[in-house]
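[1] need a 3D model of the sequence below.
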Amino acid sequence: VTYSPACGTSFTRTNDVVIKVGDKIWNGSVNTNWFLADNWTPSGVPIDSDCIVIPEPAASNNRSPIADYFTAINGTIPIPPSITATAKNLRIRNNSALVIKSGTILELADDLIVEPNGDVLIESTASLVQSNVVTTNGNVGSVRMQRTVSSVGSQDYVYWSSPVEDFDVRNINLAGSEPIYTWSPTTSNIFGTWLPASGTMAIGTGYIVRGLATPPSPIPASTAQFTGRPNNGIINVPIYRGNYTGAPYTGAGNTNATNLDDNWNLIGNPYPSAISANEFLIRNASGLSGDTPSLEGTVYLWRHLQAPTSTADPFYQNYSGNYFADDYIAYNLSGSNPGGAQEFYGNIGAGQSFFVLMDDAVPSGSTVRFDNAMRLGSIPNDQFYRYSGSNEPQANTTLERHRIWLDLMSPSDMATSTLVAYIEGATDDKDRLYDGHELSDSPSRFYSLIGDEELSIQGRSLPFNQDDSVPLGIIINTAGSYDIAINALDGLFEDPSQGIFLEDTYTAIIHDLRIAPYTFSTESGTFNNRFILRYNNQVLGTSDETTNSGLNIMAYKDFIKVTSNESPIDTIQVYDVLGRLLADYKDINSTEFKLQLSNQSKGALIVKASRYDGHYLIKKVIQ
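    Got it, this is the predicted structure:
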């Protein structure tokens, strides 16, 4: 019978013969390389079944050559970068130390024990991963985990989450009394608000902190250092939502609010390692293991690429300085939006907090779950916002996927993006894990549509259908000339022979986006029926919507006449060939209507007539 209690005491009993399984002990007899066999007693690089001890250096009057060398490097054992070190568990004795170098992963099956005068330093982009599924944290003692954040100015907010227990949020390196907030979806207004925060950071909760001061030596510049017992095991974080379930309404600023706007929660990665956003979403948004899904299946990470302004007034409050919601990057199993050079590959870094959208169907006070299954040993810990550096694809690359990122460019060259992804597992209906809501308060917004739902990310089914089409919507705050352009492509769309076209239903133009961006003029407003993404430029046969609409549009010398042989006409819009709205008639409630034309309105025109029952006709006429 084999027993497996704690390290150093496990044994096998056979015919009353007890064989004790010993620890693997660091000796450092050659150098500081973890992966050199002779640096360990017994000889051999540790594997995931080994129990490891970093021993205390010998006293100065009783030092062996091994102890002399060990003391000469201050008892510090560095793990080289870009390599994964493994063990069953690890004990750091008093006065000894371990450094997990940047880019390196230490993966333990079980616990980390750090004696009171021992030291473990996890450098920025390194990870301490613990893989066994446990319900409680079995770690003992403290570690120091560093997170370097580049280019943080005095007005820049960083979204933090503590990877250790009992860490005071003000111990993040702050420049004086900089503001600190958490998000409450149920306080102040029915769409939530920011609340001042202080004291111990709740595990799995997100905090935003403005600025980052120069830390004391020897902590590297632009670095926050978290000190405490490292979090481990299953962590359940409560999430909340408001009670508003009604129709959209106008917020305090210039943006319409919906029933989902009191469902946002700011949570965070609770571990000293990266976690897989895919595994997190699958666990909490799909009903895994019979759990009730608590989240919509998208995470939103703050990038803060634009300085605050008094002109972009979000619906949350009337602030004099406002940050742009377009600075959030959205990610789900379809990928990230924006993409291209800004693409996020799904590894949520240690110390990183992010927004999630709570499902309207579950009660307030439900929980999201973090667990060790999300801390895969192969996940790099190098993506953190704000973090500038090279990002290499690491997640979700085994799925078949073919993606298009499109940008809407304003007259001032500000871009807002949307992603359409043909991906394994998605359908053409709403998919919790593949479709992400549009989160933006930008004056110009760009999204795809499934019915009335505005999506930042839309997953579509495979196999890819050349005749598929995707409705696109825009919200324009200021009239002017705008562009729609390709930002990035992958999969079959990288083949230049695969067509990518934009149909403008207001001008009856089908434009090849591979050749150039599509430039159009528009008035301010919301336009959910103007643009269609499509993959061929063939003029299709007249649809039932047209031939059976019962509508007719005829141009005469001085007027245009619209008639309906069935239900009354509701609206008529007239555009020029650049898409500029020339006339807009509403609630006509007649089966015949004449549009009197001025001299400025003559030439080629696009007329759209709609009935109350939803049938419509779009026709190009010449005056």
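
[2] give me the pLDDT for Ala508.
    Ala508 carries a pLDDT value of 82.

[3] quick thing: my sequence starts at 10, can you match it?
    Sure, I'll start numbering at 10, so the last one becomes Ala517.

[4] quick one, what contacts the nearest residue to it once chain neighbours are set aside?
    Once flanking residues are discounted, Ala517 sits nearest to Lys629: 5.1 Å by Cβ to Cβ, 6 or more residues apart in numbering. (Each C-beta comes from the backbone N, C-alpha and C, glycine too.) Neighbour list for Lys629: 517, 613-616 [criterion: Cβ atoms under 8 Å, 6 or more residues apart in numbering].

[5] wasn't Lys629 part of a strand?
    Yes - assigned with DSSP: H, G, I helix; E, B strand; the rest coil, Lys629 falls within a strand.

[6] now it, which residues is it bridged with?
    On the basis of DSSP bridges, Lys629 takes part in beta bridges with Ile615.

[7] against Arg410, how distant is it?
    Relative to Arg410, Lys629 is positioned 37 Å away (criterion: Cβ to Cβ, to the nearest Å).

[8] same check, this time on Ala233
    Relative to Arg410, and taking Cβ to Cβ, Ala233 is found at 35 Å.

[9] hmm, Met367 and Asn274 touching each other?
    Yes - the pair Asn274 / Met367 is scored as a contact, 5.7 Å apart, by Cβ atoms under 8 Å.

[10] name the residues contacting each of these two.
    Residues within reach of Asn274 and of Met367 at once, by Cβ under 8 Å, 6+ apart, are 194, 248-250.

[11] quick one: low-confidence ranges for the stretch 160-309 of the chain?
    Applying pLDDT under 70 to the stretch 160-309 of the chain flags residues 183-185, 196-199, 257-266, 296-299.

[12] tell me where it has strands.
    166-169, 189-193, 202-205, 216-219, 232-237, 244-247, 258-259, 265-266, 273-277, 284-285, 304-311 (DSSP state E, counting those that start in this stretch).

[13] save those as TSV, and put in distance to Glu575 and mean neighbour count too.
    Shown next, in TSV, are the strands of the stretch 160-309 of the chain (distance: least, Cβ to Cβ, whole Å; neighbours: other Cβ atoms under 10 Å):
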stretch	distance to Glu575	mean neighbour count
strand 166-169	55	24
strand 189-193	51	19
strand 202-205	50	13
strand 216-219	56	20
strand 232-237	67	20
strand 244-247	55	17
strand 258-259	35	12
strand 265-266	33	17
strand 273-277	45	23
strand 284-285	55	24
strand 304-311	41	24
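
[14] which one of these lies nearest to Ser38?
    Among these, strand 232-237 comes nearest to Ser38, with 31.4 Å by Cβ to Cβ.

[15] adjacent strands (with direction) for the closest one?
    strand 152-157 (antiparallel).

[16] now the partner strand - C-alpha only, PDB.
    Extracted in PDB, the C-alpha atoms of strand 152-157 (Å, rounded to 0.1, in the frame of the first residue of the first chain):
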ATOM      1  CA  VAL A 152       6.100  36.300  -1.900                       C
ATOM      2  CA  ARG A 153       6.900  39.500  -3.800                       C
ATOM      3  CA  MET A 154       5.300  39.800  -7.200                       C
ATOM      4  CA  GLN A 155       6.300  42.700  -9.500                       C
ATOM      5  CA  ARG A 156       4.300  44.100 -12.400                       C
ATOM      6  CA  THR A 157       6.000  46.700 -14.700                       C
END
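
[17] pLDDT on stretch 40-49, on average?
    Mean predicted confidence for stretch 40-49 is 84.

[18] stretch 387-401 too?
    64.

[19] now do stretch 437-452
    Per-residue pLDDT values across stretch 437-452 average out to 82.

[20] OK, contacts around Met383?
    Under the criterion of Cβ under 8 Å, 6+ apart, the neighbours of Met383 are 284-285, 288-289, 292.

[21] ok, now how distant is it from Ser490?
    Going from Met383 to Ser490 by Cβ to Cβ gives 46 Å.

[22] quick one, grab the pLDDT at Thr18.
    For Thr18, pLDDT reads 48.

[23] which residues does Glu447 contact?
    By Cβ under 8 Å, 6+ apart, the neighbours of Glu447 are 427, 454, 456, 463-465.

[24] try Ile63
    Counting by Cβ under 8 Å, 6+ apart, Ile63 makes contact with 35, 84, 86, 99-102, 105-107, 127.

[25] which of these sit farthest apart?
    Gly84 and Leu99 (14.6 Å).

[26] re the thing from before, how about the contacts of Met383 in TSV, adding distance to Ser419?
    Compiled in TSV, the contacts of Met383 are given as follows (distance: Cβ to Cβ, whole Å):
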residue	distance to Ser419
Ile284	35
Ser285	35
Glu288	37
Phe289	34
Arg292	38
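
[27] before we move on, back to that, tell me the one of the contacts of Glu447 nearest Pro64?
    Pro64 lies nearest to Ser465 out of the contacts of Glu447, by Cβ to Cβ, at 53.3 Å.

[28] how far away is the closest one from Asp499?
    Ser465 sits 18 Å away from Asp499, taking Cβ to Cβ as the criterion.

[29] equivalent analysis for Asn141, please.
    From Asn141 to Asp499 the distance is 36 Å (Cβ to Cβ).

[30] more neighbours: these two, which one.
    Asp499 (17 against 14; other Cβ atoms under 10 Å).

[31] shouldn't that one be in contact with Arg410?
    Yes - counting by Cβ under 8 Å, Arg410 is a contact partner of Asp499 at 7.2 Å.

[32] what residues are bridge-paired with the residue lying closest to Thr600 once chain neighbours are set aside?
    The spatial neighbour of Thr600 that comes closest, neighbours along the chain excluded (Cβ to Cβ, 6+ apart), is Ser573 at 4.7 Å. For Ser573, the beta-bridge partners are Leu560 (DSSP bridges).

[33] report the contact partners of Ser573.
    Ser573 sits next to 559-561, 600-601, 618, 620 when contact means Cβ under 8 Å, 6+ apart.

[34] I appreciate the help and will end here.
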